[in-house]
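S.K.: What shape does this take:
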Amino acid sequence: MELLDDKMRVWLESAKFVKPNAGVYVLYNRSKEPIYIGQTDNLEKTFTKYVDTDFEGNECKQKTQSYQRVFTENPKEFQMKLIEDFKNETGNFPSCNSEIQIETP
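M.R.: Alright, predicted model coming up:
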């Protein structure tokens, strides 16, 4: 279940070569199931930190095998839309997003 139009990329092979742009990313496990939908003002900085710290010890995110990413001007807004769409389609949050609450206007 791919959530973005971006091609699926193998995690460690290309994570270090992402541009320092704002964006939204989806992390996938070995079964290509979305496990985390994240956003950042700097994809390069976030991905470098994930690579250098093995996802800051987060066991859930350590299951990442591949990812998709998209550059966007409003990453927080786009992240919330993706999470909401995922929840509407599956009835659940991605496993590593369970603590995020959808903000309603």
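
S.K.: by contact count, what packs against whatever helix or strand residue 14 lives in?
M.R.: Assigned by DSSP states H and E, residue 14 belongs to helix 11-15. Judged by 3 or more Cβ pairs under 8 Å, 6 or more residues apart in numbering; DSSP states H and E, helix 11-15 is in contact with helix 43-53, strand 66-71. For the C-beta atoms, the positions are set from N, CA and C on the backbone; glycine is no exception.

S.K.: any idea how far residue 89 is from residue 45?
M.R.: 30 Å (Cβ to Cβ, to the nearest Å).

S.K.: State the pLDDT value of the residue nearest in space to the middle of the chain.
M.R.: By Cα atoms, centre = their mean, the mean C-alpha position of the chain lies nearest to residue 26, the distance being 2.7 Å. Model confidence at residue 26, given as pLDDT, is 97.

S.K.: end-to-end on stretch 46-60?
M.R.: End-to-end distance for stretch 46-60: 16 Å, by Cα to Cα, to the nearest Å.

S.K.: Any buried residues in that stretch, and which?
M.R.: 46-47, 50, 55, 60 (16 or more other Cβ atoms under 10 Å).

S.K.: Mind putting those residues into a markdown table with distance to residue 76 and pLDDT?
M.R.: Formatted as a markdown table, the buried residues of stretch 46-60 follow (distance: Cβ to Cβ, whole Å; pLDDT from 0 to 100):
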| residue | distance to residue 76 | pLDDT |
| --- | --- | --- |
| 46 | 13 | 96 |
| 47 | 18 | 96 |
| 50 | 19 | 96 |
| 55 | 20 | 96 |
| 60 | 21 | 96 |
